[in-house]
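Student: make a model of this:
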Amino acid sequence: MKEEGFIVSVGPHIQSRESLRSLMLGFIIALIPAVIAGVYYFRIKAIEVILVSVISAVIIEAGLQKIMKREVTVLTDYHAILIGLLFGLILPANIPWWAVVVGVFVGLLVGKHVYGGLGSNPFNPVLVGWASLRLGFMSHMDISGSILGVVKLEGIGALAEDYSYFSEGYGIESWSSVGAKLKLLFHTLLGWKPLPGEELVGCVGQICALAIIIGAVYLFWKKYISWHIPVGFLGAVLIFSILFYKGEKEFLYPYILVQLLSGGTLLAAFFIATDPITTPVTGAGMLVFGGMAGMITMIGRLWGTWVDPIWFAILVMNGFTPLIDRIIKPRPFGRVKSSA
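Tutor: Below you'll find the model as predicted:
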């Protein structure tokens, strides 16, 4: 009778009642509010981008697993569905369908399967696919007309003319009152709204901050993510927004709102940067990861040429994850102190 040996694998060895399938499904459920908001603001364009992204992710994932003679798991672990959904939400609503397919293919092949598949990839496949489109098809990834682009290219004062939440019903001078600030916060949480007749420019899942926050609350409630990366990331964005703001004092408050609630800030903080495969395993390491990613994002926004380099910032930090884990190690239990 053949004896079975022990199966040895690399750490971390973490036990949980949650399965991979339930974890992926949980993230998908948490993204539903962002999907609904994207469809509300962009209509049929959002539906097209999301459907093409998800369907192509499932088909390409199954095809790559077949070619590489691995178990086809697209309908058992839901990872391909989650990748497709996230990818569709970080793309501009007017991107052509073929570009979506190209990005999904590059993300799954270069960002996942060349490393051995799920769990072995050092970089987030969603961001690898996004980077391929951003570098190869820049015109289709242009978001300079978004609210973050307006602030970067024209200055924070341009919001008073381009976006209704900053100009209708109350003017710039009224931002000094607490009531007006709360009203502005409420409106911007619901979604950035251009003036009548103007086209809304932005990515499908990044318009409504409230929808993303609702999904984040669900993730925290289910304990799918911890507070470390979001706090580190958002804290760095907030600190840089305050310290390096060079405009008029009356515009500081809306400027902070733009940096925190527009672009990919919230989606990155709660859904992308918290990917358990490509981030550190310790709480302190996660805090450093989030803080560094937020810092790189703001350096790019303030002094770079791109409107929102947030996804490249997280890719860079994915590369530093092994180093962070090596430097910031968990405290060992049961070790006896050596005598002097």
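Student: after the lowest-mean-pLDDT helix or strand in the chain, next one along is what?
Tutor: Here the helix or strand of the chain ranked lowest by mean pLDDT, DSSP states H and E is helix 159-162, holding a mean of 68. Using DSSP states H and E, the helix or strand that follows helix 159-162 in sequence is helix 178-190.
Student: tell me where the model's unsure across this protein.
Tutor: Along the chain, the parts satisfying pLDDT under 70 run over 1-18, 160-176, 332-340.
Student: list the residues that contact the spatially most central residue of it.
Tutor: Nearest to the mean C-alpha position of the chain, by CA atoms, centre = their mean, lies A268 at 2.4 Å. Counting by CB atoms under 8 Å, 6 or more residues apart in numbering, A268 makes contact with 233, 293, 297, 310-311, 314. No exception for glycine: its C-beta is placed from N, CA and C like everyone else's.
Student: can you name the two of the residues you listed that sit furthest apart?
Tutor: Farthest-apart pair in the contacts of A268 is F233 and W311; separation 12.7 Å (CB to CB).
Student: between the contacts of A268, which sits nearest G304?
Tutor: T297 (9.6 Å).
Student: could you identify the helix or strand that succeeds the helix or strand hosting the closest one?
Tutor: If you go by DSSP H and E, T297 is part of helix 283-303. Using DSSP H and E, the helix or strand that follows helix 283-303 in sequence is helix 310-327.
Student: quick one: contacts of that following helix?
Tutor: 90, 122-124, 127-128, 130-131, 134, 263-265, 268, 272-273, 278-282, 285, 288-289, 292-294, 296-297, 300, 306.
Student: just the buried ones among the residues you listed, please.
Tutor: 90, 123-124, 127-128, 130-131, 134, 263-265, 268, 272-273, 278-282, 285, 288-289, 292-294, 296-297, 300, 306 (16 or more other CB atoms under 10 Å).
Student: what's the domain layout of this protein?
Tutor: Listed by automatic domain parsing, the domain ranges of the chain are 20-141, 147-201+225-327.
Student: mind putting the ones you listed into a markdown table with distance to I207?
Tutor: Shown next, in a markdown table, are those (distance: least, CB to CB, whole Å):
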| stretch | distance to I207 |
| --- | --- |
| domain 20-141 | 5 |
| domain 147-201+225-327 | 5 |
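Student: which residues are in contact with P96?
Tutor: P96 touches H140, counting by CB under 8 Å, 6+ apart.
Student: against G264, how distant is it?
Tutor: Going from P96 to G264 by CB to CB, to the nearest Å gives 21 Å.
Student: again with G285
Tutor: G285 is 22 Å from G264, by CB to CB.
Student: then I207?
Tutor: In this view, I207 and G264 are 11 Å apart by CB to CB.
Student: shared neighbours of the two, anything?
Tutor: Residues touching both I207 and G264 (CB under 8 Å, 6+ apart): there are none.
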